[in-house]
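In: 3D model of this:
(2 chains)
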Protein chains: 2
Amino acid sequence: MEQSRVDFLYLNEQDMIDAGVLNMHECIKEMEAVFRLLSSGDYVMGGANDNSHGMLIDFPTNPVHESMPKDGPDRRFMAMPAYLGGDYKVTGCKWYGSNIANVDKGLPRSILMMTLNDADTGAPLAYQSANLLSAWRTGAIPGVGAKYLANPDSEIFGVVGAGSIGTSSAEAILDVCENIKTVKIFDARESTAQTLKDRLSKEFTSLDIQIINTLEDAIKESDVINLATAGDANPTIEKEWIKPGALFTVSSSGDFDPEFAIEKMKLIVDNWAMYEATIDEDHYPYYNPTMGVIGRQLLDWIEEEKMDSSIITNIGDIITGKVEGRTSKDDIILYGLGGQPVYDVAWGYRVYQNALEKGIGTKLNLWDKAYQAR
Amino acid sequence: MEQSRVDFLYLNEQDMIDAGVLNMHECIKEMEAVFRLLSSGDYVMGGANDNSHGMLIDFPTNPVHESMPKDGPDRRFMAMPAYLGGDYKVTGCKWYGSNIANVDKGLPRSILMMTLNDADTGAPLAYQSANLLSAWRTGAIPGVGAKYLANPDSEIFGVVGAGSIGTSSAEAILDVCENIKTVKIFDARESTAQTLKDRLSKEFTSLDIQIINTLEDAIKESDVINLATAGDANPTIEKEWIKPGALFTVSSSGDFDPEFAIEKMKLIVDNWAMYEATIDEDHYPYYNPTMGVIGRQLLDWIEEEKMDSSIITNIGDIITGKVEGRTSKDDIILYGLGGQPVYDVAWGYRVYQNALEKGIGTKLNLWDKAYQAR
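Out: This next block holds a predicted model:
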């Protein structure tokens, strides 16, 4: 049998931009498609229950070996593999390193790369810069949630955390919540808040965009609140601040009163099985404020017998109509997000298709003829 | 803060060859260094016990969704991340797809790629074709075992499975076992056996190299036997065939009589904690002939209360002198291997260093200035 040549496409960050990675409106559509596939089961992720977020490499607080990296805010590596069916039928793996100390070196907090592979042969199709891919797909997920869960007449939008995820989430939520009039931005670094304000002001000229100084002000009158903090931030959300009907979309840490959250909020997540997979991968307590993920907080509350998992709903089951989402104007909703490799596969694949169509990227040859046939 | 440019090196298969990936003698030295680091704990892998082989994506035998890939021989994707300390201090992730049906398409059974990353920032250092990297590091591991565990006067070497892993394992074992005079090659495909014979004949001109027709003939008089079968092969090794003092180095399936193995063989593995990690990642029975790994067979025997883990030794602890390996000329040793991402990190990093030194590879730019700073 003649050996087959393998080529694949390298897309650096500028290529990804040129191929449309920043098109939030399209990204939200893809993420909705992913949630439908999640609801129908047409995907495979890792772990014993085929629903793992990915495989974490983290470091000890006090390593025995002096040269070993030490644990720190956001410090980790993560491999996130998945197969996604539907119109995609492709496999991929996102792999990244994250360290908040990067910011002082002129580097993004996380540096991410995505590989897309032929689901049959495993041959690489594309190797992509995944910082924007990740930020946009992560931002689109609150957008999908806001589309299905926010009160349609929501007017005030509170942004807590204006970094890369906060930015893309804000774009997504503004894309779907057409009646927003006011945006209140809170970030521990005022310059970060200002960057987001400048950006949104250009894109959404009719909005009243305010930089505010306290977390409370970002929550109090808001109909939709997005939490996307970084590092060791873990904002305490006082129950007195929460407006009836409010939707919290939470991609990061968030310190909610357990009794209030369990009894007064509807608990909706991206994929509950993914959090259940965590039980095999980690130890109680699962919630860790430096890598805060609300679904892990729910795992802890279940472990502590404060609640059980029957009150948790998957957004995919709401989108496909299997389960009702918001049933009253006054429902307060906590929509907790952890990130899933299937999002990266979907958005990565669409951007790759765009790149192929437009002739963007660098074609790389793996081999003309493999050195070993078997 | 000025944003920092990120570049990295792409090494295709030919680049990897030019940079020395096929230098088995050097690879064995690196793998010995890795085992010393494993014994001292200067590494981190994934999973709850930081010792996972990696994260598997596999497919159902009868998928509900018609377009989903079906389970089949060797069919899987695997993400294998690790940090390795010592002189390396680098992080990496191997990601591959495998499908025995590839062979009929003129492609290798597995197509593997390796990413190496700065352990502090997570920035990619290199993206490498990893077929030969994998095959050579996998082959070097039986070599390290043979160096420490084979009888020094071993003269007859049986090769069971002459594919890419069988080939590199044979090279490694011949590198360390200097008294081998006869090589007996058995493979289900005679053409595969012939390819290995031709290759070894060129490199080791004084050897008597025979292609044999039965498994029994490959085992019976052999002092060292390497098992590296592929697909759904699961060779049954009859205890009557086994010579006193024999060493089995096993990178694949192998059907040993449990009573004989437990009572008459010394059980040595690459890293027992890696197999323990499997308990979180999979369900009993852990041993699966289509992905046969002897360590998983041991897990099943423990689960079935045939043995306990106290009789298992890590090769790293033998190399560092913490535990004795062979104590008698007649010891029959089963050295079971599962593959670890730390091997890929080590060998990938050395080949990358060689490539830098020799100016091999394609420099790729990730960004001049990241689009988002945080």
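
In: all strands for the stretch 101-250 of chain A, in order.
Out: Using DSSP state E, counting those that start in this stretch, the strands of the stretch 101-250 of chain A run over residues A:110-118, A:124-129, A:156-160, A:182-186, A:208-211, A:224-227, A:236-237, A:247-250.

In: of all those, which lies closest to chain B?
Out: strand A:110-118 (4.4 Å; CB to the nearest CB). To be clear about C-beta, it is placed using only N, CA and C from the backbone, and glycine gets the same treatment.

In: that older thread, need the strands of the stretch 101-250 of chain A in TSV (columns: mean neighbour count, mean pLDDT and distance to residue A:362).
Out: Formatted as TSV, the strands of the stretch 101-250 of chain A follow (neighbours: other CB atoms under 10 Å in any protein chain shown; pLDDT from 0 to 100; distance: least, CB to CB, whole Å):
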stretch	mean neighbour count	mean pLDDT	distance to residue A:362
strand A:110-118	25	97	14
strand A:124-129	26	98	10
strand A:156-160	26	98	36
strand A:182-186	23	98	38
strand A:208-211	15	98	39
strand A:224-227	30	98	35
strand A:236-237	17	94	46
strand A:247-250	28	98	36
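
In: looking at chain A, which helix or strand is least sure?
Out: Least confident helix or strand, chain A: helix A:272-281 with a mean of 91, by mean pLDDT, DSSP states H and E.

In: helices or strands next to whichever helix or strand comes after it in the packing?
Out: The helix or strand immediately downstream of helix A:272-281 is helix A:294-303, counting by DSSP states H and E. Applying 3 or more CB pairs under 8 Å, 6 or more residues apart in numbering or on different chains; DSSP states H and E, one finds that helix A:294-303 makes contact with helix A:258-264, strand A:265-269, helix A:272-281, strand A:332-336.

In: show me what contacts the residue in the stretch 201-350 of chain A that chain B sits nearest to?
Out: Nearest to chain B, among the residues of the stretch 201-350 of chain A, is residue A:280, at 4.3 Å (CB to the nearest CB). Counting by CB atoms under 8 Å, 6 or more residues apart in numbering or on different chains, residue A:280 touches A:47-49, A:52, B:48, B:280-281.

In: okay if I get those as JSON lines plus secondary structure and distance to residue B:82?
Out: Formatted as JSON lines, the contacts of residue A:280 follow (DSSP: H, G, I helix; E, B strand; the rest coil; distance: CB to CB, whole Å):
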{"residue": "A:47", "secondary structure": "coil", "distance to residue B:82": "18"}
{"residue": "A:48", "secondary structure": "coil", "distance to residue B:82": "20"}
{"residue": "A:49", "secondary structure": "coil", "distance to residue B:82": "23"}
{"residue": "A:52", "secondary structure": "strand", "distance to residue B:82": "17"}
{"residue": "B:48", "secondary structure": "coil", "distance to residue B:82": "15"}
{"residue": "B:280", "secondary structure": "helix", "distance to residue B:82": "17"}
{"residue": "B:281", "secondary structure": "helix", "distance to residue B:82": "16"}
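
In: going through these, which ones are buried?
Out: A:47-48, A:52, B:48, B:280-281 (16 or more other CB atoms under 10 Å in any protein chain shown).
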